[in-house]
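> Just a sequence and a predicted model for now, questions to come.
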Amino acid sequence: MLFARALDAKMLSLQRQGRMATYAPLIGEEATQIGSAYALRNQDVFVPNFRQHGVFLVRNFPLENFFTYWKGYEEGGKVPENFNGTAVAVPVATQVPHAAGIAFALKYKNKDAVVIAYVGDGGTSEGDFYEALNFAGVWKAPLVTIIENNQWAISVPRSKQTMAQTLAQKAIAAGIKGMQVDGNDVIAVYKATADAIANIKNGPTLIECVTYRMSMHTTADDPTKYRSDDEVAEWQSKDPIARVKAYLTRKHLWSDEMEKQTTDEQIKKIDAAVDKAEQFKPDPASMFENVYSFMPDQLKEEFDEATAAKFWL
Amino acid sequence: MQMNMVSAINNALDLILRENPDVVLLGEDIGKDGGVFRVTDGLQAKFGDGRVMDTPLAESGIIGASIGMALAGMHPIPEIQFAGFMYLAFDQLVSHAARYRSRTRSTLKVPMVVRTPVSGGVRALEHHSENPEALYAHVGGLIVIEPSGPYDAKGLLISAAKTQDPVIFLEPTKLYRLFKEEVPEEAYELPIGKANIVKQGNALTIVTYGTMLSMVKSVVEEKGTDAEIIDLRTINPLDDKPIIESVKKTTKLLIVHEAQQSFGVGAEVAARVAEKAIYELEAPIMRVASPDLPYPMPGYEKYYVPTEKKIAEAIDKITSS
């Protein structure tokens, strides 16, 4: 959780310096992401939207690629072999049907694995969200869907997203299990996810994690335009990291000293990865070479012309 | 064996399912019912409902889930019941199927074949006669194929099921049972991205595909025109080489398609010829296509779709110029 928050801080700082493109911060949502990610086994498949940086960290996604992606290069979207995950998905909720399809494939191939898909509160209003849950339900496919309900879809609050009392109850329409957990309680999220995985034979589960987006939607957004400081302050008092820290400290399992040491190491890792990512040299040929499994003649002609003209730069 | 296009595609799917255990068919009513055109008839009985599946009625879900299957190493062949209902899945096709390889630099790919009936001429209801090929052809990352008869349909479909790219496979409903052809019972492949010179000739070049090929052939035969007829087979990637070669010989180009004219496939063919062979031309390029309006209801269909007379007049005009 500290690693995720440190990464977030670094990304914001780099973005403000013009060294990263637009970025979607995760601060406040660490318990939801880290708690659910730790419940996964290696063979389980992770299907993100665009804010699950914490899950990418837990899944050991190469940090350097992470920075390369958010700098604006597709090379950072390369999915390592055995990563068991898909790439960042930007169009809201469109990734959930993929998760249902992957879950079908795992079942089809008799693999002992589940898919975990992430979607936001706004995403639950999309048709793709319901279609995916419904398909997974009909197929009895091993799919666990986490709703990262951070209360805001850019500027639209949860209350204006749906009249449904909870987002978890949307599972009922698909005939699958739905539950709501405190998304700022890392242990609760872990337990809910682990239970859903352990009981996957009984069908897919939808887990609504109630959390809060403590910062902006993306670095292109100014939340002071549409929400009050009081609301933010109230949620800051429920900070998921402060909560778990208080718990562990009480149990004598954690100290400020340990935190400092951990954070220092994490920052070193982050800085090293940023250095590497900043040395990345784009190769425009890669744009042309990865559209199809072969290069069509027309694309080859366009590539040759552009190369000969040094891309008119 | 003599087969119509329904039997040829059914036979191709049968062979594909037998050959590759990672292939599944999914779509609305494709199981017991065998699809609304009976294209998948008998396949569920043969391969089981684990491989030939009826899905819930949700087009975006069908394509989205197929993308997931493909990402997980399968090779799904979804059917969308009519091309007019495929717009619901347009986002999945454009934003994900087409982009996944590129945006992950080929570490993930989406091998799948989306089959859907297109084109009119069968007096169908609204939204059942669309010609959307140019919409898909405009999306880099998708392959778009439209066969013009049973033999081509089988060979192209078998090839499509082997490529590692997403393929939009458009099946003209009018051709499903229009005529039979000699089709080998065993598997064979036709190259994707290659046009087919259907008939050699010197007086003009006619580029066409799908429903219009049989009409063009019939007009040319009746008039005894010495036309070279090229069937695109694959819309994208467009194989312009045989077109350019042909135009250099004939000096005249007529493009015939059922889809509406403006911004259509004909526009791209005309542009390629203009760029690469304009000085070889001795007459302006001509297009025969449908007018630029929504595909009408069946009552108005005959006023909309190009007729043999319209094609014949265009041939007269271009050959006399």
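Okay, I see it.
> Skip the chain neighbours and tell me the closest residue to B:P242.
B:A195 (5.1 Å; C-beta to C-beta, 6 or more residues apart in numbering or on different chains). Heads up, the C-betas are built off the backbone N, CA and C, glycines and all.
> so what pLDDT did the residue of the stretch 151-300 of chain B found nearest chain A get?
Distance from chain A to each residue of the stretch 151-300 of chain B (C-beta to the nearest C-beta) is smallest for B:P237, at 3.4 Å. On pLDDT, B:P237 comes in at 98.
> And the closest residue in space to it that isn't next to it in sequence, how far from B:I168?
In space, and not counting its chain neighbours, B:P237 is closest to A:P296: 3.4 Å by C-beta to C-beta, 6+ apart. Separation of A:P296 from B:I168 (C-beta to C-beta, to the nearest Å) stands at 15 Å.
> Tell me which of the two has more neighbours.
More crowded of A:P296 and B:I168, by other C-beta atoms under 10 Å in any protein chain shown: B:I168, with 30 against 20.
> can you list contacts of stretch B:235-244?
A:292, A:296-299, B:133-134, B:136-137, B:142-146, B:193-195, B:197, B:205, B:207, B:209, B:230, B:232, B:253, B:265, B:268-269, B:272-273, B:276-277 (C-beta atoms under 8 Å, 6 or more residues apart in numbering or on different chains).
> Tell me which of those fall in strands.
Using DSSP state E, the members of these that fall within strands are B:143-145, B:197, B:205, B:207, B:230, B:253.
> List the residues that contact the residue nearest to the spatial centre of chain B.
Closest to where the C-alpha atoms of chain B average out (C-alpha atoms, centre = their mean) is B:E146, at 1.3 Å. Neighbouring residues of B:E146 by C-beta under 8 Å, 6+ apart: B:118, B:133, B:169-172, B:209-210, B:232-233, B:235.
> Can I get the buried part of those as one ChimeraX selection?
Buried residues within the contacts of B:E146, by 16 or more other C-beta atoms under 10 Å in any protein chain shown, are selected in ChimeraX with:
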select /B:118,133,169,170,171,172,209,210,232,233,235
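> Which one of the contacts of B:E146 is nearest to A:D222?
Checking those against A:D222 by C-beta to C-beta gives B:E133 as the nearest, at 43.7 Å.
> And the closest one, how close does it get to A:D264?
On the measure of C-beta to C-beta, B:E133 and A:D264 end up 59 Å apart.
> all helices of the stretch 101-250 of chain B, in order?
Secondary structure of the stretch 101-250 of chain B by DSSP state H, counting those that start in this stretch: the helices cover B:133-137, B:150-160, B:173-176, B:211-223, B:241-250.
> How about residues contacting the third one?
This points to helix B:173-176. Contacts for helix B:173-176 (C-beta under 8 Å, 6+ apart): B:4-6, B:37, B:39, B:117-122, B:124, B:128-129, B:147-149, B:210-211, B:214.
> what do you get if the cut-off is 6 Å, keeping everything else the same?
B:5-6, B:37, B:117, B:119, B:121-122, B:211 (C-beta atoms under 6 Å, 6 or more residues apart in numbering or on different chains).
> Looking at these, which one is closest to chain A?
Proximity of these to chain A was ranked by C-beta to the nearest C-beta; the top entry is B:P117 with 21.8 Å.
> which SS state does A:A277 fall under?
The three-state label given to A:A277 by DSSP: H, G, I helix; E, B strand; the rest coil is helix.
> For the residue nearest the centre of chain A, which non-adjacent residue is spatially closest?
Geometric centre of chain A, nearest residue: A:Q52, 1.7 Å, by C-alpha atoms, centre = their mean. Spatial nearest neighbour of A:Q52, excluding adjacent residues (C-beta to C-beta, 6+ apart): A:Y118 at 5.1 Å.
> And B:H127, how far from B:E228?
B:H127 is 36 Å from B:E228, by C-beta to C-beta.
> How about A:E131?
Counting by C-beta to C-beta - A:E131 and B:E228 are separated by 47 Å.
> give me the element A:T32 is part of.
Using DSSP states H and E, A:T32 sits within helix A:30-38.
> So the following helix or strand past that helix, near chain B or not?
Counting by DSSP H and E, the next helix or strand C-terminal to helix A:30-38 is strand A:45-47. No: contact of strand A:45-47 with chain B (C-beta under 6 Å from any C-beta of the partner chain) is absent, the minimum separation being 7.4 Å.
> Off-centre distance for strand A:45-47?
Chain-centre distance of strand A:45-47: 10 Å, with C-alpha atoms, centre = their mean, to the nearest Å.
> any residues touching it, and which ones?
Strand A:45-47 is contacted by residues A:55, A:59, A:84-86, A:95, A:98-99, A:102, A:115-117 when judged by C-beta under 6 Å, 6+ apart.
> Can you get me a residue count around residue 9?
You didn't say which chain, so I picked chain A. A:A9 has 14 neighbouring residues, counting by other C-beta under 10 Å.
> Switch to chain B, please.
B:I9 has 25 neighbouring residues, counting by other C-beta under 10 Å.
> got the phi/psi numbers for it?
Main-chain dihedrals, B:I9, degrees, to the nearest 10: phi -70, psi -40.
> And A:N60, by the same measure?
Torsion angles, degrees, to the nearest 10, at A:N60: phi 60, psi 40.
> Ok, B:T40 next?
The phi and psi values for B:T40, taken as degrees, to the nearest 10, are phi -100, psi 20.
> For burial, what's the neighbour tally of it?
For B:T40, the count of nearby residues is 27 (other C-beta under 10 Å).
> Skipping adjacent residues, who's closest to it in space?
B:T40 sits nearest to B:I30 (C-beta to C-beta, 6+ apart), 4.4 Å away.
> cool, A:R158 as well?
Among residues not flanking A:R158 along the chain, A:Q151 sits closest, at 4.8 Å (C-beta to C-beta, 6+ apart).
> Can you show me the helices along the stretch 201-313 of chain A?
Assigned by DSSP H, counting those that start in this stretch, the helices in the stretch 201-313 of chain A fall at A:229-236, A:240-250, A:256-278, A:285-289, A:297-308.
> what distance separates the shortest one from the centre of its chain?
Relative to the chain's own centre, helix A:285-289 is displaced by 27 Å; criterion: C-alpha atoms, centre = their mean.
> cool, and the second one?
On the basis of C-alpha atoms, centre = their mean, the separation between the geometric centre of helix A:240-250 and that of its chain is 23 Å.
> Equivalent analysis for the third one, please.
Its chain's C-alpha centre and that of helix A:256-278 lie 21 Å apart, by C-alpha atoms, centre = their mean.
> helices or strands up against that helix?
On a contact count with 3 or more C-beta pairs under 6 Å, 6 or more residues apart in numbering or on different chains; DSSP states H and E, helix A:256-278 meets helix A:2-16, helix A:63-71.
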